[in-house]
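Colleague: Okay, sequence plus prediction incoming.
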Amino acid sequence: MTREVEMHICLGSSCFSRGNKEVVMFIRDYLKKNHLEDKVIFKGARCMGNCSKGPNLRIDDRIEEEVTIARIEEILERELARLK
């Protein structure tokens, strides 16, 4: 099956200091739990240039700003619902 969605999370120092490590772990677990690993490319990215609004997550061509552990599940449910 071809990958249908690309997600890149900023791994720049500002996003890292704002908690993207926990978000990365949550996304990995979410993809595995929902059997989406073969449908989603999930990678780290260099600075996205929007440090004051980080952590930043690009899903295809859309940028989600201020991605926190409190918001990530809702974002994933909304963005990946069509893949389930």
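Modeller: It's in.
Colleague: starting at the chain centroid, how far to stretch 32-50?
Modeller: In terms of CA atoms, centre = their mean, to the nearest Å, the centre of stretch 32-50 is found 5 Å from the chain centre.
Colleague: Now tell me what touches that stretch from outside.
Modeller: When contacts are defined by CB atoms under 8 Å, 6 or more residues apart in numbering, stretch 32-50 is touched by residues 1, 3-12, 14-15, 24, 27-28, 30-31, 54, 56, 58, 63, 65, 80, 83-84. Where you see a C-beta, it was placed from the backbone N, CA and C, and this is true even at glycine.
Colleague: Enumerate the positions of that stretch that are buried.
Modeller: Going by neighbour count (16 or more other CB atoms under 10 Å), the buried part of stretch 32-50 is 36, 39-40, 42, 48, 50.
Colleague: just stretch 62-74 next, same as before
Modeller: Applying a neighbour-count criterion of 16+ other CB under 10 Å, one finds 64, 67, 72 buried in stretch 62-74.
Colleague: hang on, the last one packs against Val23?
Modeller: Yes: the pair formed by Ile72 and Val23 meets the contact definition of CB atoms under 8 Å, at 5.3 Å.
Colleague: the helices in the chain, which residues?
Modeller: 13-17, 20-33, 69-80 (DSSP state H).
Colleague: Filter the contacts of stretch 32-50 down to the buried ones and express that as a PyMOL selection.
Modeller: The following PyMOL selection, which keeps only the buried ones among those, applies the criterion 16+ other CB under 10 Å:
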select buried, resi 7+8+9+10+11+12+14+15+24+27+30+31+54+56+58+80
